[in-house]
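3D, please:
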Amino acid sequence: MERKHRKAIIEWDKDKDPNKFPLNEWLRDIVVIFGEVVGRIIHGDVWTVLVRVTEVVDESQTMRM
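Residues are numbered from 1 along each chain as shown. Below you'll find the model as predicted:
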């Protein structure tokens, strides 16, 4: 299996607090949804990944497209 490293911005659910996760430690089994959730049904691709949080960015600093 080929491993690829990518930087990403994670959008957390409104009821989750990303500040509770330790910086620079690997978190297992983060579910990535590439698509959308309508009701309780996922439309798109879903997979689990290893994630290392390197910094917490204030939402006001990000640009929405």
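
distance between the helix or strand containing Glu36 and the chain's centre?
Element membership for Glu36 (DSSP states H and E) is strand 26-38. Strand 26-38 sits 6 Å away from the centroid of its parent chain (CA atoms, centre = their mean, to the nearest Å).

and if you look at stretch 52-59?
10 Å.

buried stuff in that stretch?
Val53 (16 or more other CB atoms under 10 Å). Where C-beta positions appear, they are placed from N, C-alpha and C, glycine not excepted.

which residues sit against it?
Stretch 52-59 has contacts (CB atoms under 8 Å, 6 or more residues apart in numbering) with Ile9, Pro18, Asn19, Phe21, Pro22, Leu23, Asn24, Glu25, Trp26, Leu27.

Can you say which of those residues are buried?
Using 16+ other CB under 10 Å, the buried ones in these are Phe21.

What about the contacts of stretch 52-59, which are in helices?
Counting by DSSP state H, no part of the contacts of stretch 52-59 is found in helices.

Including distance to Leu50 and pLDDT, could the contacts of stretch 52-59 go into CSV?
Formatted as CSV, those follow (distance: CB to CB, whole Å; pLDDT from 0 to 100):
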residue, distance to Leu50, pLDDT
Ile9, 17, 69
Pro18, 16, 70
Asn19, 20, 76
Phe21, 13, 79
Pro22, 14, 83
Leu23, 15, 87
Asn24, 13, 89
Glu25, 11, 86
Trp26, 5, 86
Leu27, 7, 82
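
Just put the contacts of stretch 52-59 in TSV and tack on distance to Val51.
What follows is the contacts of stretch 52-59, written out as TSV (distance: CB to CB, whole Å):
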residue	distance to Val51
Ile9	12
Pro18	11
Asn19	15
Phe21	9
Pro22	12
Leu23	12
Asn24	11
Glu25	10
Trp26	7
Leu27	5
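
Return the list of helices and strands in contact with the lowest-mean-pLDDT helix or strand in the chain.
When each helix and strand of the chain is scored by mean pLDDT, DSSP states H and E, strand 26-38 comes last, with a mean of 83. Packing partners of strand 26-38 (3 or more CB pairs under 8 Å, 6 or more residues apart in numbering; DSSP states H and E): strand 41-52.

So which residue is dead centre in this protein?
Centroid check for the chain by CA atoms, centre = their mean gives Ile10 as the closest residue, at 3.5 Å.
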